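Enquirer: here's a sequence, model it:
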Amino acid sequence: MKKILLVGAILFSINTINAQGCSDAGICSINHGFTTEEKSFKNHIEIATIFGAGESDVRYVSPYVSYTKRFNDRFSFTSKVTFSTAHGSFGTRSQFGDAFLIGNYTFKEINKKQWSVLLGWKFPFTASNLKINGYSLPLDYQSSLGTVDMFLGTNFKYKKWDFNAALQIPVVNLNKNSYFKEYGGTGDFPSTNLFERKSDALVRATYSIKTPNKKFMFKPNVLFIYHLGEDSYENIFGQRENINGSDGLTINGNLITSYNLSKQSSIELSLATPFVVRDVRPDGLTRSFVLGLQYQYSF
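Expert: Residues are numbered from 1 along each chain as shown. I've put the predicted structure just below:
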């Protein structure tokens, strides 16, 4: 228990200004699609809210609803809809974000080792060009990046360990953002006019600890997210320009604590913060910390 409290204290204390947390473009949260445990219930509903602090003075409240259907011990399907409210010096903007559709196939367990694979899609509800009083907003205020993305992933489970890897690939770019920092009145946000985003790759390691009464579960985990190229935008002269420093590595620490209210329901609290960050994150995914609260009901 002392080790768990120490991990939690470390994650809470590393709260660096302008740090860059997990990619809310989706790749960090699809680990819920890796459903490797055998459960007696076939249907699972999740209701959650995520709180975060972003670039400059931007604060976020991002609820979502998720439904998972387990057809058998091998195949499951998850759908999720997100919503986001961003508040800062530009004002407040709220809008539905993305819809996720994820399928997972779990292979037979052999000698306490088990593999699963994942294929999923993300569809935006907006073209990432929401405005306030007719003024263009940076991507930090947008509820979606405005891209149709594909997810490819795999998970390896061994005893109390889970290791998963995933790719998030933008397939169709619908982004119509029109923000220029030259006209924004601040240098806090880079220009993202007609923004084009590169792919992400993720590797995660998770260790699960259950209390003797099996009521509590603690899941400290670490995530390595590599942005596979420099993003770009169209400048005021109509020329496409790469954003220097927007590629590279982010390392996040995360502590998940769950409590079983009953056989059918549970609550979960997660805390995440970054250890290593990219130089520039024009996609608006900058977070100094993220706190999530989730309720799950199974039937």
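Enquirer: and Tyr183, backbone torsions?
Expert: With angles defined as degrees, to the nearest 10, Tyr183 sits at phi -110, psi 10.
Enquirer: and Trp182, which of the three is it?
Expert: One correction, residue 182 is Glu, not Trp. Here Glu182 is recorded as helix under DSSP: H, G, I helix; E, B strand; the rest coil.
Enquirer: quickly list what the closest residue in space to Leu130 that isn't next to it in sequence is bridged to.
Expert: Distances taken as CB to CB, 6 or more residues apart in numbering put Arg93 closest to Leu130, at 5.3 Å, once the chain neighbours are dropped. Bear in mind the C-beta positions are built from the backbone N, C-alpha and C, glycine included. On the basis of DSSP bridges, Arg93 takes part in beta bridges with Ala86.
Enquirer: cool, and Ile50?
Expert: Bridge pairing for Ile50 - DSSP bridges - gives Ser62, Gly292.
Enquirer: from here on, call the first residue 223.
Expert: Sure, I'll start numbering at 223, so the last one becomes Ile272.
Enquirer: tell me who's in contact with the residue nearest to Leu352.
Expert: 307-308, 352, 354, 359, 363-365 (CB atoms under 8 Å, 6 or more residues apart in numbering).
Enquirer: equivalent analysis for Ile391, please.
Expert: Here Ile391 is in contact with 371-374, 421 (CB under 8 Å, 6+ apart).
Enquirer: same check on Phe347?
Expert: For Phe347, counting by CB under 8 Å, 6+ apart, the contacting residues are 317-321, 365-366.
Enquirer: make JSON lines out of the residues you listed and add secondary structure, distance to Ser488 and neighbour count.
Expert: Listed next are the contacts of Phe347 as JSON lines, based on DSSP: H, G, I helix; E, B strand; the rest coil; distance: CB to CB, whole Å; neighbours: other CB atoms under 10 Å:
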{"residue": "Gln317", "secondary structure": "strand", "distance to Ser488": "29", "neighbour count": "17"}
{"residue": "Phe318", "secondary structure": "strand", "distance to Ser488": "26", "neighbour count": "14"}
{"residue": "Gly319", "secondary structure": "strand", "distance to Ser488": "25", "neighbour count": "24"}
{"residue": "Asp320", "secondary structure": "strand", "distance to Ser488": "25", "neighbour count": "26"}
{"residue": "Ala321", "secondary structure": "strand", "distance to Ser488": "24", "neighbour count": "15"}
{"residue": "Ser365", "secondary structure": "coil", "distance to Ser488": "28", "neighbour count": "25"}
{"residue": "Ser366", "secondary structure": "coil", "distance to Ser488": "29", "neighbour count": "26"}
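Enquirer: most widely separated two among the residues you listed?
Expert: Using CB to CB, the two most remote members of these are Gln317 and Ala321, lying 13.1 Å apart.
Enquirer: low pLDDT regions in the stretch 323-472 of the chain?
Expert: By pLDDT under 70, the stretch 323-472 of the chain has no low-scoring segment.
Enquirer: what segments of it are strands?
Expert: For the stretch 323-472 of the chain, the strands defined by DSSP state E, counting those that start in this stretch occupy 335-346, 353-354, 357-358, 369-380, 383-395, 422-429, 431-432, 438-449, 454-456, 462-464, 470-482.
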